[in-house]
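Novice: No letters, just coordinates:
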């Protein structure tokens with residue numbers, strides 16, 4: 001579980017920098033992001049920042065928590081972060097798509 005924080009940080013950087021083109025393997029892939037290129041880049045940049053922050057939190061906790069409670073706390077933080085990032089960015093992607101198709 002200790003490796004998840006650094007992994008999240010590493011995989012989030014290309015997303016934050018908008019380097020990842022639309023694909024079906026890597027990134028925040030939902031219908032709204034796969035239908036609209038600008039929604040893809042905006043949502044993935046935002047999700048990248050959220051994953052980066054979650055990774056930093058996990059690294060910080062790993063360095064400060066006592067060994068006895070480290071794994072249960074990191075597991076809880078990982079699951080809560082994944083759920084929160086998914087819900088927040090799913091809603092944001094759908095909102096962005098609605099806004100962009102309404103103005104087109």
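Specialist: Structure received. As the structure is a computational prediction, the values presented were derived from the model and not from experiment.

Novice: Pull out the buried residues from the longest helix anywhere in the chain.
Specialist: Of all the segments of type helix in the chain, defined by DSSP state H, the longest one is helix 67-103. Buried residues in helix 67-103, counted by 16 or more other C-beta atoms under 10 Å: 70, 74, 77-78, 81, 85, 89-90, 92-94, 96-97. For the C-beta atoms, the positions are set from N, CA and C on the backbone; glycine is no exception.

Novice: from those residues, which is closest to residue 13?
Specialist: Checking those against residue 13 with C-beta to C-beta, the nearest one is residue 85 at 15.4 Å.

Novice: pLDDT score assigned to that closest one?
Specialist: pLDDT recorded at residue 85 is 97.

Novice: That one contacts residue 49, doesn't it?
Specialist: No. Between residue 85 and residue 49 there is no contact under C-beta atoms under 8 Å: 9.6 Å.

Novice: contacting residues around the nearest residue to residue 33 once chain neighbours are set aside?
Specialist: In space, and not counting its chain neighbours, residue 33 is closest to residue 40: 4.4 Å by C-beta to C-beta, 6 or more residues apart in numbering. Contacts for residue 40 (C-beta atoms under 8 Å, 6 or more residues apart in numbering) come out as 22, 27, 33, 34.

Novice: Listing request: residues of the protein with sub-threshold pLDDT.
Specialist: 1, 104 (pLDDT under 70).

Novice: quick one on the thing from earlier: closest one of the contacts of residue 40 to residue 13?
Specialist: residue 27 (12.7 Å).

Novice: sec struct for the closest one, please.
Specialist: coil (DSSP: H, G, I helix; E, B strand; the rest coil).

Novice: Surely it is in contact with residue 15?
Specialist: Yes. The pair residue 27 and residue 15 qualifies as a contact (C-beta under 8 Å) at a distance of 6.3 Å.

Novice: so what sits against both of the two?
Specialist: Common neighbours of residue 27 and residue 15 (C-beta under 8 Å, 6+ apart) are 44, 47.

Novice: returning to that earlier point: of the contacts of residue 40 - the most surrounded one?
Specialist: residue 33 (25 neighbours; other C-beta atoms under 10 Å).
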